[in-house]
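In: below are the sequence and a predicted model; questions follow.
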Protein chains: 2
Amino acid sequence: MGDVYGAVADPTRRQLIRLLAETYELPLHEMTSRFPVGRTAVSKHLAILRSAGLVTVRKSGRESRYHLNAAPLREIQEWVSFYDRFWTEQITNLKNLLEDEENT
Amino acid sequence: MGDVYGAVADPTRRQLIRLLAETYELPLHEMTSRFPVGRTAVSKHLAILRSAGLVTVRKSGRESRYHLNAAPLREIQEWVSFYDRFWTEQITNLKNLLEDEENT
DNA sequence: GGAACAAGACACCATATGGTGTCGCATTCG
DNA sequence: CGAATGCGACACCATATGGTGTCTTGTTCC
């Protein structure tokens, strides 16, 4: 069972998630036409998303309809929310970052 | 310049972030002692975190002190918050997921 | 000054990843 | 029925990734 962080790390997969969020459900070939990569690649990305629980499939005739399940994203949301309080230090850290850039 | 999603995708790097959140700043060798991997591996992880802007370095004598900068996490937070409204569909999607599992 | 330590840089390796093309099996449609 | 479509399953390939060990440089400390 793949992890959610890895599934979301790829930009193409994030676009797929976004696409599925805007439409109720879509067959593979219709998604493929919206991306610059081939059908097989999209299919593999969807498999990864499926193994992360982010996407569900429903077979309808000869096409597989994909649907978004955003629930697993909750894990990421909870993880990232832990660091809310550190954002207030943004200004001081920006200073450190700039000093770091100078030394690089 | 590495992206934040990729930087956060690795579990070891998330642990490093967590560790740096709990302590003000740490030298490399002290972090390494807390992980099952070697010094070089930790150093490379920190380089990735640094290129994503999540970590800053301050040289102090012969050791490099690492410090957390949580600001870039904001991008992830904003991205994931877009899908808040889809979590309400969790129950119906769970049903779909189970049906999917049966067909697998 | 010389030993010991911290850490970056580099060479190297196994495996994961993202992409391709092709094949084969259902399913639809003329 | 037969052609065409949709898509999963492979086989394959180039590169990225996560790990190792070794070398070197800089710093501390006796």
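Out: Sure thing, it's come through. It should be emphasised that the depicted structure is a prediction, and the values quoted were computed from it without experimental measurement.

In: and the residue of chain A closest to DNA strand C?
Out: residue A:61 (2.6 Å; Cβ to the nearest atom of the strand). Every C-beta, even on glycine, is put in place using the N, C-alpha and C of the backbone.

In: give me phi/psi at that residue?
Out: Per-residue torsions, residue A:61: phi 70, psi -130 (degrees, to the nearest 10).

In: and the strands in chain A, which stretches?
Out: Applying DSSP state E to chain A gives strands spanning A:26-27, A:55-60, A:63-68.

In: now those strands as JSON lines including distance to DNA strand D and mean pLDDT?
Out: Putting these into JSON lines (distance: least, Cβ to the nearest atom of the strand, whole Å; pLDDT from 0 to 100) gives the following:
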{"stretch": "strand A:26-27", "distance to DNA strand D": "3", "mean pLDDT": "96"}
{"stretch": "strand A:55-60", "distance to DNA strand D": "6", "mean pLDDT": "92"}
{"stretch": "strand A:63-68", "distance to DNA strand D": "3", "mean pLDDT": "95"}
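
In: what about the residue of chain A closest to DNA strand C, neighbour count?
Out: Using other Cβ atoms under 10 Å in any protein chain shown, residue A:61 is surrounded by 7 other residues.

In: how much space between residue A:62 and chain B?
Out: 15 Å (Cβ to the nearest Cβ, to the nearest Å).

In: err, residue A:78, not the other one
Out: Distance, residue A:78 to chain B, using Cβ to the nearest Cβ: 10 Å.

In: isn't residue A:12 right up against residue A:38?
Out: No. Using Cβ atoms under 8 Å, residue A:12 makes no contact with residue A:38, being 11.7 Å away.

In: neighbour count: those two, which is higher?
Out: Taking neighbours as other Cβ under 10 Å, residue A:12 and residue A:38 compare with residue A:12 leading, 13 against 10.

In: skipping adjacent residues, who's closest to that one in space?
Out: Spatial nearest neighbour of residue A:12, chain neighbours left out: residue A:45 (5.7 Å); criterion: Cβ to Cβ, 6 or more residues apart in numbering or on different chains.

In: contact partners for that neighbour?
Out: Residues near residue A:45 by Cβ atoms under 8 Å, 6 or more residues apart in numbering or on different chains: A:10, A:12-13, A:16.
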